[in-house]
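1. below is the sequence, then the predicted model.
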Amino acid sequence: MQIEHELSTKQAPEQDNAAQAPTGLGRARLALAISAGKLASASGRLLRIGGGTSLPGMVARRIDPNVLKEVVGASSAKKIVITGSNGKTTTARMTAALASSNGQRVSQNRTGSNLLQGVTSVAVNFADIFGRLDSDVLLFEIDEGTIPAAVPEIQPDVVIITNLFRDQLDRYGEMYSVANALNKMLENLPETSTILLNGNDPQVANFALNSKARRLYFGLETKEVGTPVPEQSADIIRCIHCDSDLAYEVAYLSHLGLYRCPTCGYTLPQLDFAVTSAHLAEDGEGPSQVTMRTPLGELEFTVPLPGIHNVYNAAAAIGAAFATEFAIEKATQAFSTLRPAFGRLEKIQAGDKNIYLSFVKNPTSFNLIMRLIAKHSGKKHMLFSMSHTVVDGQDFAWLWDCDIEEIVPDVLDAICCGNKAEELALRLKYAEFSPSKISVIHEYEGALEAALKNVEPGGSLYILSGYTPTQELRKIMQKHGWVKHYWEE
């Protein structure tokens, strides 16, 4: 996925690279690794087989396994890493927008190639062949399973944990394994680092209690949004200390909320970046008006992207800007040009029809997108697509925790595709979709064509799909000229 380098008129800071730069054979090896990575990137773009998002890093690491550590270590740029189950890509884009509004040059893995090779591609693509980076901010979105290996190489100034939900259990193991690995990584950060944690997440808020690094917390503390209890699919409903049922004053998203253990008293920490008011658009598309308490006073801003999840993303980005000493009062201006990231309820014009493309990978993201779609006016034409590739995960039991029943009355027809099409169709039948409304078409192009035929001129098709199907469907749309290659967005 595309890596973006944003330039401002600000001059590059002087960098003292000599102290950490390799010498002799090591320098030659580094130069060869970077050169080979750049060639792989250029070749991929020329052949239209990729945007230089992970292949450059993969090639470079085969030649010099220390390429990321050497390039990043020699840079005086601020280093920010973002991880968590959901929200990484949009939080990274918001953080980049805030940094750019402060005149900072940002290098990042913009479209979310977030495994180690994708992270390494940031160093390869934006360094010269001697490993020198002309950047003020290095911004990395990193997979939650990868970050324990990546952080020692990056030595970040700021680490953001957005949230933790069950996700690809066959790949990660159960949630607590991921949590333990993340916590261990955070505990080893030096006192010069800042950790920014989602205080509304009972698991995440308990991280890094013994770390030398500074801890800051973001989240919501308003009662204008949310429900009295967590949704049925919530992942953490018991206290992580004594296993008693948590009591919620309000639940915002899955198990995120204002929680307290009635037995041992465990509760969310004092929030440093607290959303005290959030007015969400009633149509599921418009902007949100947000008021936030910060260490610098009250801040009012507009989030142009819909949904409570993007309020969380904005809060995390503002916390990151504060931690790196960037001005935060320009938030509305900085966010004003943001558009939905690749597959994040992305609106696509397909001739005289609209497509809303949404990447969903767990019950939290599936339910969130469904409820946003439900706010759109009119009856809905749907396309559901899932695949059990290595990157998608093979266990789709989580589909049965999605509250599909809520959207049934609003759906006119549904097409299921991908190699999990039958399981999707079965789930829809158990949600009491009429069998006459459901079609199974395994092949992506045929499914998309059939789904669009159901849509009237001026109408909309809503697609909920896993990672690989999202990419495949978007390739078809690119072939039709409806979207650009993802690395060109």
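-> Arrived safely.
2. ok so Arg45 is a helix residue?
-> Yes - assessed by DSSP: H, G, I helix; E, B strand; the rest coil, Arg45 belongs to a helix.
3. and the gap between it and Asp134?
-> 21 Å (Cβ to Cβ, to the nearest Å). Backbone N, C-alpha and C define where each C-beta goes, glycine included.
4. and Tyr312, by the same measure?
-> Counting by Cβ to Cβ - Tyr312 and Asp134 are separated by 32 Å.
5. between these two, tell me which one has more neighbours.
-> Per other Cβ atoms under 10 Å, whichever of Tyr312 and Asp134 has more neighbours is Tyr312, with 29 against 16.
6. report pLDDT for Ser85.
-> Looking at Ser85, its pLDDT is 92.
7. okay, now it: neighbour count?
-> 26.
8. you'd agree it is up against Asn362?
-> Yes - with contact defined as Cβ atoms under 8 Å, Ser85 counts as touching Asn362 (6.8 Å).
9. now do the shared contacts for the two.
-> Contact criterion Cβ atoms under 8 Å, 6 or more residues apart in numbering; residues shared by Ser85 and Asn362: Phe165, Arg166, Asp167.
10. so what's Leu39 up against?
-> Applying Cβ under 8 Å, 6+ apart, the residues near Leu39 are Val59.
11. can you list the domain ranges for this structure.
-> Annotated domains of the chain cover 4-335, 346-488 [automatic domain parsing].
12. most tightly surrounded among these?
-> domain 4-335 (a mean of 20; mean count of other Cβ atoms under 10 Å).
13. so how far is it off the chain centroid?
-> In terms of Cα atoms, centre = their mean, to the nearest Å, the centre of domain 4-335 is found 8 Å from the chain centre.
14. can you give me the distance of Glu423 to Lys361?
-> Glu423 is 15 Å from Lys361, by Cβ to Cβ.
15. one more: Asn109?
-> 18 Å.
16. ditto for Val411
-> From Val411 across to Lys361, the span is 21 Å (Cβ to Cβ).
17. now the residue positioned nearest the centre of the chain. Nearest residue, chain neighbours left out?
-> In the chain, the residue lying closest to the centroid (Cα atoms, centre = their mean) is Lys88, at 2.6 Å. The shortest distance from Lys88 to any non-neighbouring residue, by Cβ to Cβ, 6 or more residues apart in numbering, is to Glu141 (4.5 Å).
18. what residues are up against Leu296?
-> Counted by Cβ under 8 Å, 6+ apart, Leu296 has contacts Phe322, Ile328, Glu329.
19. hmm, I was thinking of Glu406
-> Met370, Arg371, Ala374.
20. for Leu32, same thing?
-> By Cβ under 8 Å, 6+ apart, the neighbours of Leu32 are Ile63, Asp64.
21. return the distance of it relative to Pro56.
-> In terms of Cβ to Cβ, Leu32 sits 13 Å off from Pro56.
22. repeat for Ala397
-> With distances taken as Cβ to Cβ, Ala397 is found 36 Å from Pro56.
23. quick one, phi psi at Ile161?
-> phi -110, psi 110 (degrees, to the nearest 10).
24. any idea of the pLDDT on it?
-> 98.
25. wait, doesn't it sit right on Gly199?
-> No - using Cβ under 8 Å, Ile161 is not in contact with Gly199; the gap is 10.5 Å.
26. which element, helix or strand, includes Ile328?
-> Under the assignment given by DSSP states H and E, Ile328 is not contained in any helix or strand.
27. tell me the contacts of it?
-> Leu98, Thr294, Leu296, Leu299, Ile318, Ala321, Phe322.
28. hmm, Ser101 and the fifth one touching each other?
-> Translated: Ile318. No - contact criterion Cβ under 8 Å: Ile318 and Ser101 do not qualify, at 11.6 Å.
29. what's the pLDDT at His388?
-> At His388, pLDDT is 86.
30. any idea how far Pro304 is from Met339?
-> You called it Met, but residue 339 is Arg. Remark: distance between Arg339 and Pro304 (Cβ to Cβ) = 8 Å.
31. now Glu423
-> 36 Å.
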